[in-house]
Structures are given as structure tokens and as C-alpha cells.
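sharing a model prediction with you, sequence too.
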Amino acid sequence: MFFKHNLARDGVIAVTLVFLFTLPAFAAEQWPAQPPAEPPAEWGPVSINFEEIPYPYPVHFLELNRYGEKMRMAYMDIPPSGRANGQTVFWQHGHNFYSEAYTPTLKVLSDAGFRVVAVDRIGYGKSSKPLISYNFNFVAANMKALLDELGIVKAAIVGHSMGGMVVSRFAMLYPEITTHVVMVNQIGLTDSRLSRSWRDPLASDPGVASYRSILRGHQNYFTNYWPPEHLEFVRRQYGQTLSGGYPHFARVRRMVGQMMYNDPVVYDWQHIDSKALVIGGEDDKLVDDYPARVRHVVSELQNGVLHLYPDVGHAPQIEIPDQFHADLIRFLKSDADEPASEWK
């Protein structure tokens, strides 16, 4: 059961399901060049549903009924600010982020003539946070539901980090919709069930993440680089640990993260025949030997090509935004029927 929005578009629209994160478009304050060793005293609680976090464009909600529960999935629908090119970018995020975090890239794509639909997955951002058993089929089905609601019949799908796992599954399940696939510094490149045994994600209290552990996680995205404005994302994530809703949120995060173990996508790539680009910073600290892992991904794809950035880490859209955005846009505008090797 879905809530109908009068946003359908005529004709065939190419859409991109993007799972990236970038810096906030407008920093609310001057951030220190290096993050402090301890959280500033003025940092306070942040709600688990981001009620106090303003998004740069109007937020809409798609209402879903899953597992017998009513859920709301937040998204922004951004018209092209440049000359419209007839394509749409459907934007979604990786594990530690949400649509608002990508504001600069949303603007770049809008300026380039794309319509941009930016989504918070269920369990993230302003969307519902049910305590359920998450899997990538569930996530892909929710994306398909929104495409259906908006009248979008063709999509180029792009995913960053954990989002790469989602687009892998989406491309396999919905080949009739998928025109292009882009995997940006994807994680989940091996089947971790082969290296460790299953553990109940709710067998123990998740506890409370510390400021230092949250900061280390964010620092690992970069190679010899720290963007000062990125501290805002640390502030928000740390602030949620101070919220009264955090005990529930921590359990939801455990369940969301568990699907990376329970539902690997390494067997999906061989079934993807859409034009595919595997792209990212080759010095990714989140993946053991990232270049070797993604070469294997490309070898599994039926029509894929690899493009790596030396001396760049997990977030090329932050470290080298101009180059990354130019490459991404060029691929998205390329003919879907041409071999991936000819995208440049």
C-alpha cells in the first residue's frame, strides 16, 4: 500500500539510484582545521529522525506497508536548475549517511540538467526506523516502489559504499528498469559468511558509541586528508547517542548492518548485463586490497569497466569532487547500448 503523489512524468526517464555522501553545501560555522580530541561542550542531542536538521529542498514521504507495519520513506525531488537533459538521478546513500549529506553533489547534478530524487532509506535520516530483519531485496523493492509512484520506467543506478550493494541487487532484480550501473567504492566485496560465523545482532546491548569511535570511523574515509566541514556529520552522529531515542536507534543500526553479512551480493554481479562502471579511490581504508577486489567485480560483470583514482580514499566525491563529478556525469550521459569500455 503506497501513498500516491501527483509527480509522475511523461515519457521514458533515465534515473540514477545514487548512494554517495558529500559535504554540506553551507557550513553553519567555521570548523577547526583538525577535529578536537573530545566533543565540544556545546554539542547537544540530535533526534534519531533528524526533525531539527533542515534539508535543502522540500521533503516528501512515500508511505509503505512492510512486514505488517506502516513505514515512511523520505525523499527530495529536485528539478534541474540547468538546461533539462531529460534524465533523472535517483539519489540514495550509504550506511552512515542520508540524502541531505549529499547537497553539493545534488546541486552539481541539478546544474547539469538532471532531475534529482534523493532518498533516505528506511532506517536512516528522516525515514522510519522499524526494528525488522533487513535485507537487500527489501531495500531494492522500496526503491522500485518509489520509481513506480513517480512514473519512472528506466533508471541508471549508482551506489556508494554500502549503496553499491543495493544497486548490485537492484540491477539483478530489475534489469528491465536498469540502464546504467555505477558502484563507487563499494563495500561487501566478499562473502563474510565464509570467514566468520553468524552472530545474533541483538544478543547483547549495542551500548553507546563514543565520540572517538565515531570520529575514527569518519577519518577512515579519507587518505591524508580531513575536510573540516565533515565534522558536522560527526556532530550529528554523536548527538544521536545523546538522544532519548538512541537505544532503539542503536538496535535498528545493528539490524541494518547485519544484512551485509546475512545477504551478500557477490553472486549478483554475474547476472548484471547493464552497462556498468566500477569507480573509486584506490586507497580505500574500508576494504582490504580494494583494487584487487574491484577488479574481480568487473570480471564478473557482463559489461563493466574499472576507473580508479590513485592517492584517493573511500570518498572521491569529497577528495576530488570536480574530477569525480565530471566522470560520473559523463558516464551517465553515455549511450546505454554502447560497451562500457567506450564510456569516455
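It's in. These figures come from a predicted structure and were not determined experimentally.

in space, what's closest to Glu338 - neighbours in sequence excluded?
Lys275 (7.2 Å; C-beta to C-beta, 6 or more residues apart in numbering). Every C-beta, even on glycine, is put in place using the N, C-alpha and C of the backbone.

how far away is the one you found from Ala340?
Separation of Lys275 from Ala340 (C-beta to C-beta, to the nearest Å) stands at 5 Å.

and if you look at Pro80?
As judged by C-beta to C-beta, Pro80 and Ala340 stand 26 Å apart.

do the same with Ile187
Per C-beta to C-beta, Ile187 is found 21 Å from Ala340.

which residues are contacting stretch 278-287?
The contact list for stretch 278-287 (C-beta atoms under 8 Å, 6 or more residues apart in numbering) reads 161, 182-187, 189, 220-221, 223, 290-291, 293-294, 297-298, 301, 304-316, 319, 324, 327-328, 331.

from these, which land in helices?
Counting by DSSP state H, the contacts of stretch 278-287 place Tyr290, Pro291, Arg293, Val294, Val297, Val298, Pro316, Glu319, Phe324, Asp327, Leu328, Phe331 in helices.

residue contacts, the third one?
Think Arg293. Leu189, Thr190, Val287.

which PyMOL command selects the buried ones in the residues you listed?
Here is the PyMOL command that selects only those of the contacts of Arg293 that count as buried (16 or more other C-beta atoms under 10 Å):
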select buried, resi 189+287
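
now the contacts of Arg293 in JSON lines, with pLDDT and distance to Arg251?
Shown next, in JSON lines, are these (pLDDT from 0 to 100; distance: C-beta to C-beta, whole Å):
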{"residue": "Leu189", "pLDDT": "97", "distance to Arg251": "27"}
{"residue": "Thr190", "pLDDT": "97", "distance to Arg251": "26"}
{"residue": "Val287", "pLDDT": "94", "distance to Arg251": "27"}
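
could you dump the contacts of Arg293 to CSV with distance to Ala84?
Shown next, in CSV, are those (distance: C-beta to C-beta, whole Å):
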residue, distance to Ala84
Leu189, 36
Thr190, 41
Val287, 37
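
pick the one among the contacts of Arg293 closest to Glu51.
Val287 (34.3 Å; C-beta to C-beta).

phi first, then psi, for that closest one.
phi -130, psi 130 (degrees, to the nearest 10).

can you give me the buried ones in the strand or helix carrying Arg254?
Arg254 is located in helix 246-262, with elements delineated by DSSP states H and E. Buried residues in helix 246-262, defined by neighbour count with 16+ other C-beta under 10 Å: Tyr246, Phe249, Ala250, Arg251, Val252, Arg253, Arg254, Met255, Val256, Gln258, Met259, Met260.

what sits against the residue nearest to the last one when sequence neighbours are not counted?
The reference is to Met260. Nearest residue to Met260, sequence neighbours excluded (C-beta to C-beta, 6+ apart): Gly188, at 5.3 Å. Neighbour list for Gly188: Met162, Gly164, Met165, Met260, Pro264, Val265, Val266 [criterion: C-beta under 8 Å, 6+ apart].

mind putting those residues into TSV with pLDDT and secondary structure?
Shown next, in TSV, are the contacts of Gly188 (pLDDT from 0 to 100; DSSP: H, G, I helix; E, B strand; the rest coil):
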residue	pLDDT	secondary structure
Met162	92	helix
Gly164	91	helix
Met165	92	helix
Met260	96	helix
Pro264	98	coil
Val265	98	coil
Val266	98	coil
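
need these in TSV (columns: distance to Arg235).
As requested, these are exported to TSV (distance: C-beta to C-beta, whole Å):
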residue	distance to Arg235
Met162	22
Gly164	27
Met165	27
Met260	26
Pro264	33
Val265	32
Val266	35
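
let me know the closest of the residues you listed to Glu100.
Out of the contacts of Gly188, the member with the shortest distance to Glu100 (by C-beta to C-beta) is Met162, at 17.2 Å.

in this protein, what residue sits furthest out from the centroid?
Going by C-alpha atoms, centre = their mean, the residue of the chain most distant from its centre is Ala41, 30.7 Å out.

ends of stretch 188-199, what's the gap?
17 Å (C-alpha to C-alpha, to the nearest Å).

repeat that for stretch 30-39.
Terminal residues of stretch 30-39 are spaced 16 Å apart (C-alpha to C-alpha).

how about stretch 235-255?
End to end - C-alpha to C-alpha - stretch 235-255 spans 23 Å.

for it, the averaged confidence score.
Averaging pLDDT along stretch 235-255 yields 97.

follow-up on the earlier one: mark which of the ones in helices among the contacts of stretch 278-287 are buried, thanks.
Among the ones in helices among the contacts of stretch 278-287, those classed as buried by 16+ other C-beta under 10 Å are Tyr290, Arg293, Val294, Val297, Val298, Pro316, Glu319, Phe324, Asp327, Leu328, Phe331.
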